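Chemist: Take this sequence and fold it.
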Amino acid sequence: MKDLPARRLLLVHAHPDDESITNGATMALYAAAGTHVTLVTCTLGEEGEVIPADLAHLAPDREDRLGAHRAGELADAMKELGVTDHRFLGGQGRFRDSGMMGVPQNHREGAFWGTDVDEAAAELVEVIRSVRPQVLVTYDPDGGYGHPDHIQAHRVAMRAADLAGERAYRRDLGDPHTVAKIYWTRVPRSLAEEGFARLRATAAGDFPGIADIGDIPGVVDDELITAEIDGTAYAEQKAAAMRAHVTQIAVNGPFFALSNDLGQPLFTTECYQLAVGVSGAAPGEREHDLFAGIVPAAGPAGAGRLAGPAAGGAREGVGEISGGAA
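Modeler: Below you'll find the model as predicted:
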């Protein structure tokens, strides 16, 4: 792609709705600031449960048309977030939702969980080399909560980031590019606890039950958090994007429920753990910009270089790292 903005953010998610729940405020904030935000969704979410009774016929055990419907929901959600570059990994329907861990759908033909990682990674390498993002966001190795498609999305994203920078790998997929920073999406335990306390105090009666902190993907001890994005100004956009996923999410003010009807907080502060790259924050502090420390090279899609003592070991295509937070 040519004439891209100087800052480029790539997010890799497993199913439609994961992006809005987990990173919706972050996506809206960066899109509004002129960053090129690219979302890659690995499956159509065909195995999801359906909340509205009038759409229950779409379910996989009935008409099995949920995937195409969720693709439309995702398009509506992206409009709410201001994101114009959304792709399905390998094209719409290339990889099938694998269902929860241990179910027969894990082994269904075309299931994402059973796909060779390098095969799926090649599809993402082409996106990385085209968009040339400085920052990539995906899940931790457990996929946040152990869902096979989330785990596979992590594996594919990390593998693709490595392969994209290799000169000898598949030059037909574009010129090599190395992503400067990779983040895993996280929720600090204190933020989750505060959110549930607020739910119990103000809206406990609005839901048949309340979820557990263990039900929230990616909850970790606070000290593992390296970046914190204040998306308060984009709370309405995030909530609207979540509402667009009508088959999967029921939003109720600053709270929501999935098909289990258990209330949980809707977080507008979104947090991350830096997995690859150099933090742009002072030691012991959190970044408040995922691009902190990255100085784009000249040109709208410049790759840049590492500055300072690390320059000798710079990887090809990495943005210049400056001292202090950006």
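Chemist: how near is Leu11 to Met101?
Modeler: 23 Å (C-beta to C-beta, to the nearest Å). (Each C-beta comes from the backbone N, C-alpha and C, glycine too.)
Chemist: who's more crowded, those two?
Modeler: Per other C-beta atoms under 10 Å, whichever of Leu11 and Met101 has more neighbours is Leu11, with 26 against 15.
Chemist: Who does that one form a beta bridge with?
Modeler: Beta bridges link Leu11 to Leu39, Val137, judged by DSSP bridges.
Chemist: next one: phi and psi at Pro176?
Modeler: Dihedral pair for Pro176: phi -60, psi 150, per degrees, to the nearest 10.
Chemist: start to end distance for stretch 61-69?
Modeler: 15 Å (C-alpha to C-alpha, to the nearest Å).
Chemist: Buried ones in it, by neighbour count?
Modeler: Under the neighbour-count criterion of 16 or more other C-beta atoms under 10 Å, stretch 61-69 has 66-67, 69 buried.
Chemist: for the record, mean pLDDT for it?
Modeler: Per-region confidence: stretch 61-69 scores 97 on mean pLDDT.
Chemist: my guess is Glu193 contacts Ile213, does it?
Modeler: Yes: the pair Glu193 and Ile213 passes the contact test of C-beta atoms under 8 Å, sitting 6.8 Å apart.
Chemist: The closest residue to Thr43 other than its chain neighbours: neighbour count?
Modeler: In space, and not counting its chain neighbours, Thr43 is closest to Asp97: 4.4 Å by C-beta to C-beta, 6 or more residues apart in numbering. For Asp97, the neighbour count with other C-beta under 10 Å is 28.
Chemist: How about the contacts made by Asp97?
Modeler: Asp97 makes contacts with 15, 43-48, 67, 105, 111-112, 149, as judged by C-beta atoms under 8 Å, 6 or more residues apart in numbering.
Chemist: Out of the residues you listed, name the ones that lie in helices.
Modeler: The helices, defined by DSSP state H, take in 67, 149 from the contacts of Asp97.
Chemist: Output the contacts of Asp97 in a markdown table; the columns should cover distance to Val278.
Modeler: Formatted as a markdown table, these follow (distance: C-beta to C-beta, whole Å):
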| residue | distance to Val278 |
| --- | --- |
| His15 | 31 |
| Thr43 | 32 |
| Leu44 | 36 |
| Gly45 | 35 |
| Glu46 | 39 |
| Glu47 | 39 |
| Gly48 | 38 |
| Gly67 | 39 |
| Gln105 | 40 |
| Ala111 | 37 |
| Phe112 | 32 |
| Asp149 | 30 |
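Chemist: can you give me the helices in the chain?
Modeler: Under DSSP H, the chain gives helices at 18-32, 66-81, 117-131, 148-164, 189-202, 235-244.
Chemist: what would the ones you listed look like in JSON lines with distance to Ala282?
Modeler: JSON lines is the format used below for the helices of the chain (distance: least, C-beta to C-beta, whole Å):
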{"stretch": "helix 18-32", "distance to Ala282": "22"}
{"stretch": "helix 66-81", "distance to Ala282": "31"}
{"stretch": "helix 117-131", "distance to Ala282": "30"}
{"stretch": "helix 148-164", "distance to Ala282": "26"}
{"stretch": "helix 189-202", "distance to Ala282": "21"}
{"stretch": "helix 235-244", "distance to Ala282": "28"}
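Chemist: which residues sit in contact with Ile128?
Modeler: Contacts of Ile128 by C-beta under 8 Å, 6+ apart are 10, 136, 160-161, 164, 177, 179.
Chemist: same thing with Arg155?
Modeler: For Arg155, counting by C-beta under 8 Å, 6+ apart, the contacting residues are 117, 141.
Chemist: again, but for the one 4 residues further on
Modeler: For Arg159, the contact set (C-beta under 8 Å, 6+ apart) comprises 117-118, 121.
Chemist: switch the cut-off to 6 Å
Modeler: 117, 121 (C-beta atoms under 6 Å, 6 or more residues apart in numbering).
Chemist: Now do it against Val103, distance only.
Modeler: Distance from Arg159 to Val103, by C-beta to C-beta: 25 Å.
Chemist: How many neighbouring residues does Ala77 have?
Modeler: Neighbours around Ala77, by other C-beta under 10 Å: 28.
Chemist: separation between Ala153 and Ala33?
Modeler: Separation of Ala153 from Ala33 (C-beta to C-beta): 26 Å.
Chemist: what residue ranges in the stretch 151-300 of the chain are flagged as low confidence?
Modeler: 296-300 (pLDDT under 70).
Chemist: What ranges does it have for its strands?
Modeler: 181-188, 209-210, 219-220, 227-230, 250-252, 255-257, 262-265, 269-276, 294-295 (DSSP state E, counting those that start in this stretch).
Chemist: Perfect, that will be all.
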